[in-house]
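Undergrad: Here's a sequence, model it:
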Amino acid sequence: MTDRCPWCGTDPLYVDYHDTEWGVPERDPRALWEKLVLDGFQAGLSWITILRKRDAFREEFDGFDPERVARWDDARIDRALQNPGIIRHRGKIESAVKGARLFQEIESQQGFSPFLWDFVGGQPIQNRFASAAEVPTATAESTAMSKALKKRGFTFCGPVITYAFMQATGMVNDHLVTCHRHAQLSPPQAAG
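TA: Take a look at the predicted model:
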């Protein structure tokens, strides 16, 4: 059996997410926005709940196309609230629509990906945690990201949410050192 971070358990969907997505550096701005929106929807819920609904979210949210979601009106929000395949929370849906508009502003000004990656100096932070108990729920970087997003008008993006986002998008490598993915996502060590 392969050693993995214990949080993914044995659910095949969670294991696949752990093995192929979580912690992989993501620089595509639309993919980053999708993950930020989904992390906001996760607030108060488990991530496996979001993973199980991710395909329905993608369908409902126009493939997470920020330009299309930014044009949603009240009627379109009401339609989304009728979809049992997603988390039907008006505040979170409205947050996603507002976030799509804010995404467009940041993307046109400096690029959404560079804006977010600047909080870690443009490169993944390589942590070396041996146990899940060592992994923080928030850091100075996630707090700074949260404050910057909130200042721009984003919601559902507190420091714990932004840290989970940073972990998911590979801004930090929080795979445990005993996990097979840690070494795969770490830069090669210089000989010497």
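Undergrad: how about Leu176, secondary structure?
TA: Recorded secondary structure, Leu176: coil (DSSP: H, G, I helix; E, B strand; the rest coil).
Undergrad: so after the biggest helix by length in the chain, what's the next helix or strand?
TA: Ranked by residue count, the top helix of the chain under DSSP state H comes out as helix 90-109. Using DSSP states H and E, the next helix or strand after helix 90-109 towards the C-terminus is helix 112-117.
Undergrad: got the CA positions of that next one in PDB?
TA: Taking C-alpha atoms only, helix 112-117 is exported to PDB below (Å, rounded to 0.1, in the frame of the first residue of the first chain):
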ATOM      1  CA  PHE A 112      -5.400  36.700 -11.200                       C
ATOM      2  CA  SER A 113      -2.700  34.000 -11.000                       C
ATOM      3  CA  PRO A 114       0.200  36.400 -10.300                       C
ATOM      4  CA  PHE A 115      -1.900  38.300  -7.800                       C
ATOM      5  CA  LEU A 116      -2.500  35.100  -5.800                       C
ATOM      6  CA  TRP A 117       1.000  33.500  -6.300                       C
END
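Undergrad: buried residues in that helix?
TA: By 16 or more other CB atoms under 10 Å, the buried positions in helix 112-117 come out as 112-113, 115-117. Where you see a C-beta, it was placed from the backbone N, CA and C, and this is true even at glycine.
Undergrad: what does stretch 45-62 give?
TA: Here stretch 45-62 shows 47-48, 50-51, 53-54, 57, 60-61 as buried, counting by 16+ other CB under 10 Å.
Undergrad: nearest to Thr20, of those residues?
TA: Of all the buried residues of stretch 45-62, Leu51 has the smallest distance to Thr20: 12.0 Å, by CB to CB.
Undergrad: Please name the residues that touch that closest one.
TA: Going by CB atoms under 8 Å, 6 or more residues apart in numbering, Leu51 touches 13-14, 17.
Undergrad: what's around the closest residue to Cys179 other than its chain neighbours, how many residues?
TA: Among residues not flanking Cys179 along the chain, Cys5 sits closest, at 4.9 Å (CB to CB, 6 or more residues apart in numbering). Using other CB atoms under 10 Å, Cys5 is surrounded by 20 other residues.
Undergrad: Ok, Pro6 next?
TA: 11.
Undergrad: One more: Arg90?
TA: Neighbours of Arg90 using other CB under 10 Å come to 11.
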